[in-house]
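sequence first, then the predicted structure:
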Amino acid sequence: MSTAGFNSQNGTGTGQTYTNGPSQNPVALQQPPGVGYGMNHQPAYNPMQTKVLGPPSPALYASGPYQPVPPGPQLGSYPPPPAQPLLTRPPIGVLPSHTPPQSASPGPGPRQAQATPPAQATPPPPAVTSTSYYTGPPAWQYAAPRGPAPNHVNPAAAAPPHMSHGSAQPPGPGAPPTSIHGYPQPGTAPPPMNPPPPHTYQPNRPAYGPPPTAPPAGPPGATGTPPPPKVDAQSWGAASSARPPTEPDTQEGDVECPGDVAGNGPQAPNSYNHVDNRMAGAAQPGPPGRHLGHYPSLPPGYQNTLAPPPSSLHPALQAATQPYIQGPQPYQQQPGGPGPDQLSPSMAAMSLQSGTPEALRVVNLLQERNLLPPAPVPAPTPCLTQDLQKLNCSPEVFRCTLTSIPQTQSLLNKAKLPLGLLLHPFKDLSQLPVVTSSTIVRCRSCRTYINPFVSFLDQRRWKCNLCYRVNDVPEEFMYNPVSRSYGEPHKRPEVQNATIEFIAPSEYMLRPPQPAVYLFVLDVSHNAVETGYLSVFCQSLLDNINALPGDSRTKVGFITFDSTIHFYNLQEGLSQPQMLIVSDIEDIFLPTPDSLLVNLNECKELVQDLLKSLPNLFEKTMETQSALGSALQAAFKLLSPTGGRMSVFQTQLPNLGVGALQSREDPNQRASAKDVQHLSPATDFYKKLALDCSGQQVAVDLFLLSAQYCDLASLGCISRFSAGSVYYYPSYHHQHNPAQVERFQRDLKRYLTRKIGFEAVMRIRCTKGLSIHTFHGNFFVRSTDLLSLPNVNPDAGFAVQMSIEENLDDMQVVSFQAALLYTSSKGERRIRVHTMCLPVVSSLSDVFAGADVQAVTGLLACMAVDRSVTSSLSDARDAMTNAAIDSLSSYRQSALTIQQPGLLAPACLRLFPLYILALLKQKAFRTGTSTRLDERVFAMYQLKYQPLAFAMLMIHPALYRLDDLSDEGALNINERTIPQPRVLQLSVEKLSREGAFLMDAGLVMYLWIGRNCHQNFLSQVLGVSSYAAVPEKLCLLPELDTAESQRTRALVSWLRDQRPFFPSLHIIRDESQLKPHFMQNMIEDRTESALSYYEFLLHLQQQISK
Amino acid sequence: MIFLTVIARLADGLPLAASIQEDEQSGRDLQHYQSQAKQLLRKLDAQSPDRCMLEAGNMNFCYFISQGVCCLCLCDASFPKKMAFGYLEDLHNEFCEQYGKRVPAVTRPYSFIEFDTYIQKTKKSYVDSRARRNLSSVSTELQDVQRIMVANIEEVLQRGEALSALDTKASNLRSQAEKYRSDARFLNTRSTYAKVAAVVLVFVTLIIYVRFWWL
């Protein structure tokens, strides 16, 4: 029925292309490209369409994952079935995936030496960086059909180290205790283990060994085809697009055919049918690195308890239980093996289920000291086929707490890990394909944008990967503008890029695109003038006035306020700006509505005049009161006809007129109070105003510069609900606090010049069966799942929590799509679409294997912020601790088959307790230490608002040793050499008096100079003669022309360049005032009020074994 | 008072430039007029009268078509017709001068949104009653303004709908006729078969009768 309708609509051409199938159709190719362009489906954009969701539940754990599920009973249901060991057995040669790809020489040298001897047989290229785990599965599956026996053969022959590894891993569920003996004496283990296999299987090796080694070096992504180049919009846009109404579409075919849908499954898009041979090759394991970190990780307990003779059992075991041991081996040249075509479906299926052995390696946290990887923790890679993974969205943009989605809600509940997404949707991207097309292809029932993970049933129909509806491919979509060919809808940029931007047709506009409008609301009371921020602001704006994003329509305006509101008439033709004072703050009105917001291009000189005179205008003011509420109302009135951005600079507690606040903080209670009060707003005035602003497409950004309490908890609402951002500069003063001044200056520069999107909305869709129920970030939720963002900026992050409503039984993958519709500063309406695809798994150990510890921490932090506001801080702290306890105990009880003493965690969650402890000691949640309320609230805002990468730094700072920087392993960017020192644990034991250490805590960096610091470092980097000569307040590294100085500065500026805000640098000595701040970040150490890391682990263990 | 100004391409109604409504009080119900304006722009084609005023409640739409560009504005019913068309012509001249050549090539809606600045300035000079006097010289050229056609917006918008309703009815009729025809043919064939079958049956009976009883 659908095809009939389709043919009749599309006319003659269809028959041919249809019968020709997915391959290129020469006939079609000859058609003039524009042929089908008259026909467009133009689905009307319906902003009101909604998905039905469960009611949002603000409670931290209300989503279910934390409902108490007695873990005991499940134990029985978790015997390792035959398949189980295969999936969960972690040990296989996976260790190096800890070490991120770029570190070619990871870790301690001696171990490496040990590792190499076994590998002598076929030493693969020493650059073993390709060991990221997902390269393994394909190769392994490839060989799998041959049966267990050959499976056993291969690993032994080609890479003996695997063997020893596999057997040495104590904790794999399927691994018998016997295998553990392999490692008691690291040095000696390999020889006894390895000889038998090589003997037995030697003959095989020539067959597969050498050939595959050729491609291994490249990381998986490198083997893929390069992403299609940016699409040039004009090259193929249809000139005249007729607008047939959308009805014909909807009448013509409800193509839905449930049977079909189920039968086909989400797999098997014809574009992915072929298997890339290279991927097997790329799976070459890296023996040399594999041993790293393994030996030390063996807890002494195991060495003692488990020591049956190794040789007797292991071959048989391996043959029987571990076909996957050959995971890392590339064998695609196996003669007589099945061809790629036959294998591809099974491979795809298997790789989706295969666990990531490394992620599941069991770690005894109490025994293992050096958990931190030497470089930043990379995001885990979902266990997908390479074809899909290649297309998947970057983890910087889109991250899920569980990269393997559990099949059912009960499985999720069992894992006790939160399920959610962390997004950075408007991130500045270096490469972004932009598509102009009069038709944006979307699913007709769920409005999903076409994306790389849809499946094409044939050339004319595609199946939505979110709701599984079958849709028609519009005629226009058949032409591929990149290759200029016809009849290849699956090669279009929309289907090749997980992140893409569309230029929206006029259906996506409720009104003509608004101009960029910037209104600045400045506090000019006595207190503000004292801080001296006004001149910095004016100077920054003067410097950047030409860099403000916008076009010739850009408008600006200024309002200043103390106890009265001052407007500035900047109308063209005036010789100088006119100041209009309104003292009636109870009933605010605009004195001259049309000349307060003026066109920047036409009135630039007046604006510049004003900015030059503004700092002097209020120099002598004695007015101490602040009528912020009225000023905001006035600003709202001014902006409401157009929408735009309001930047509010405030330096004290507003104490006059509407929205006046009282001081709620008792400084004496900062440290002593058991529970922190006043985290929720004192008045709903700011929230209400923010919602009004949101309705009129106005966003409010708040800059708070104040030494005293300002009640950020109340004031912040104005930004939170209008999708603005909050900046906080405690103790800002132009003379006394130069570090803050520099930070303010740099932040302002970024703020004024960064990209901006106006009148934006964002919707996140996910595959049927999953549902999104709680959102975190700055926005207002309109109509259950539509986020209203009056402004969107590239530095804003979002998080959502999800639950599983229906079982995902018959699905192998699920997808998530975030679509952000915004008006650019040039008046273009654009849609940015990100799509991510993740595998579905059915076993608990796979769920654990896919856990993304950073994302979990980030989401827990957001949930805890909500919990502390709605309930109490101690509740939130308990909830976080319980999150760690629950997930680890559920891992212990359900995913581990062998019970061992100690606090066990899968390798992928090994940092979880550390991060939880870091959260408990974070400014937002800490107790017992004196923390100003505003700083605490600001830290909470940051946790919710910052993209994950930056939030993680604020939770767990990075510590580097600076006095022995070398160029070894350095990055080279733009001909600058940036040293990459190891990340050290946050413990005083890592500090030494002879060294200098840099702590990078996100918003602030500390450079701590040891008392006996090398003379060399002092003179070459700091330019001082001795330790005593280091100035008390030093915030700047002197620019010396020495190698050491250059290295240090390169590192610091590189770290700063990585983030959109400017962290100030404090160089501190032992006696410095800031030393306590530095020491507070030493998370692993004990403080008067908080546990040390080891104590915390003991606490966890105690709770778990209870 | 002029509330809304849109400049669009005549061929397909693609909006090229527009002026955002400035007025707070009437801002809410302008949404309705905006969608009416959109519909109207799609309806207009080269056959439409090139100057026309359409009544829509207590507001008037005025449009002016020339050189493939349509300028449309929404103004108070009390706003002088002369001024409205003077305003539209003014906009049209300036627009065609600035962007006229690029109009056929653009695909993106509101490609020339920057023209908004000029629209707003012009609007101000026409709306401002003090400035109006200075414009009197311009408007005298528009003496033939009296002959401008006046129609009702509903009629214009629904004319198309009536036609399309007629069209659907006609096509329904045609498809039903076809169905009737095929049904009739089917019935015919069936009755033919029935007749043939009856005849055959009679013959067979006859043969059997002859075979068994006569012989």
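Cool, the structure landed.

thought A:L371 was touching A:P913?
No: counting by Cβ atoms under 8 Å, A:L371 stays clear of A:P913, with 9.3 Å between them. (Glycine included, C-beta is placed from N, CA and C.)

and for the two, which residues touch both?
Residues touching both A:L371 and A:P913 (Cβ atoms under 8 Å, 6 or more residues apart in numbering or on different chains): A:L365.

so which of those two has more stuff around it?
Taking neighbours as other Cβ atoms under 10 Å in any protein chain shown, A:L371 and A:P913 compare with A:P913 leading, 25 against 18.

which positions in chain B make contact with chain A?
B:6, B:11-15, B:17-24, B:27, B:31, B:34, B:38, B:42, B:104-105, B:107-110, B:113-114, B:116-117, B:124 (Cβ under 8 Å from any Cβ of the partner chain).

what's the pLDDT at the residue positioned nearest the centre of chain B?
In chain B, the residue lying closest to the centroid (Cα atoms, centre = their mean) is B:K43, at 1.8 Å. On the pLDDT scale, B:K43 is placed at 83.

now swap in A:A849 and tell me
Looking at A:A849, the pLDDT reads 89.

how close does it get to B:F79?
A:A849 sits at a distance of 71 Å from B:F79 (criterion: Cβ to Cβ, to the nearest Å).

between these two, tell me which one has more neighbours.
A:A849 (31 against 20).

surely that one meets A:A359?
Yes: A:A849 is within contact range of A:A359, at 4.2 Å (criterion: Cβ under 8 Å).

narrow the residues of chain B next to chain A to those in strands?
B:6, B:15, B:17-19 (DSSP state E).

low-scoring stretches of chain B, by residue?
For chain B, residues meeting the criterion pLDDT under 70 lie at B:21-29, B:129-149, B:159-160.

need the helices for it, in chain order.
B:30-43, B:81-99, B:116-127, B:129-132, B:136-140, B:153-209 (DSSP state H).

how many residues are close by B:M1?
14.

distance-wise, check it relative to B:K123.
Applying Cβ to Cβ to B:M1 and B:K123 gives a distance of 9 Å.

ok, B:L157 next?
With Cβ to Cβ as the criterion, B:L157 and B:K123 are 25 Å apart.

ok, those two, which is more surrounded?
Neighbours per residue, other Cβ under 10 Å: of B:L157 and B:K123, the larger number sits with B:K123, 21 against 16.

give the contact list for that one.
B:2, B:5, B:19, B:87.

beta-bridge partners for the first one, please?
What it means is B:I2. B:C75 (DSSP bridges).

now do the contacts for it.
Counting by Cβ under 8 Å, 6+ apart, the residues that B:I2 touches are B:73-75, B:79, B:84, B:87, B:123, B:126-127.

just those residues now: which is nearest A:A498?
B:L74 (43.1 Å; Cβ to Cβ).

can I assume that closest one is in contact with B:M59?
Yes: with contact defined as Cβ under 8 Å, B:L74 counts as touching B:M59 (5.6 Å).

what residues do the two have in common as contacts?
B:3, B:33.

out of the two, name the residue with the larger neighbour count.
B:L74 (25 against 21).

so how far is B:N93 from that one?
For B:L74 relative to B:N93 (Cβ to Cβ), the value is 20 Å.

what of B:Y63?
B:Y63 is 15 Å from B:N93, by Cβ to Cβ.

which residues touch A:T683?
A:659, A:661, A:714.

what's the answer for A:V454, then?
Counted by Cβ under 8 Å, 6+ apart, A:V454 has contacts A:269, A:462-465, A:495.

looking at those, which one is closest to A:I1083?
A:N465 (41.2 Å).
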